[in-house]
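K.L.:
let me see the structure of the following:
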Amino acid sequence: MTATLVGAPAAVSARPKLTGEEQLAKALTGREAGKPVTCIPLNQSNDTQVIDKTAIVYRIGGTLYVNRPTNADKLDSDNILVTRLSSSQLCRLDTIQLRDRTSGMWNGFVGLQDFVPYTRVKQPAPAPAPAPATN
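P.N.:
Below is the predicted model of the structure:
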């Protein structure tokens, strides 16, 4: 029994963790990029996801806005994003401070770049069924 319990954690940790780029690709499956924008209305964002060492994804309605900030290697999903705004917009060149969720210590900051909107790809409407043949 002990051997089974000791071996169990090794099996769990053997599962490969997705890289940040793989996590982002998975989140964007079925979506296409639009024209980058310099600001987004942060007060309308209903979800924020940190992709480790890669990007911050903001959801506004059905659109995902991806920001690949400077110092992205500092991004960690265990960080708390501390954002100070001078308006209701989150814009390119704004900075976000990073705070460790466990210790409360500051972990650095990232500088935002343009936000790339990703919307769902519209599926083409099914072709109409052919009219039945008349005799």
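K.L.:
pLDDT wise, what is the spatially most central residue of the chain at?
P.N.:
For the chain, the residue nearest the mean C-alpha position is residue 57 (3.3 Å; CA atoms, centre = their mean). Predicted confidence (pLDDT) for residue 57: 97.
K.L.:
that one contacts residue 26, doesn't it?
P.N.:
No - Residue 57 sits out of contact with residue 26 when judged by CB atoms under 8 Å, with a separation of 11.2 Å. Glycine gets a C-beta too; all of them are placed from N, C-alpha and C.
K.L.:
who's in contact with residue 35?
P.N.:
residue 117 (CB atoms under 8 Å, 6 or more residues apart in numbering).
K.L.:
check the one 4 residues further on too.
P.N.:
Shown here is residue 39, whose contacts under the criterion CB under 8 Å, 6+ apart are 89, 90, 91, 92, 115.
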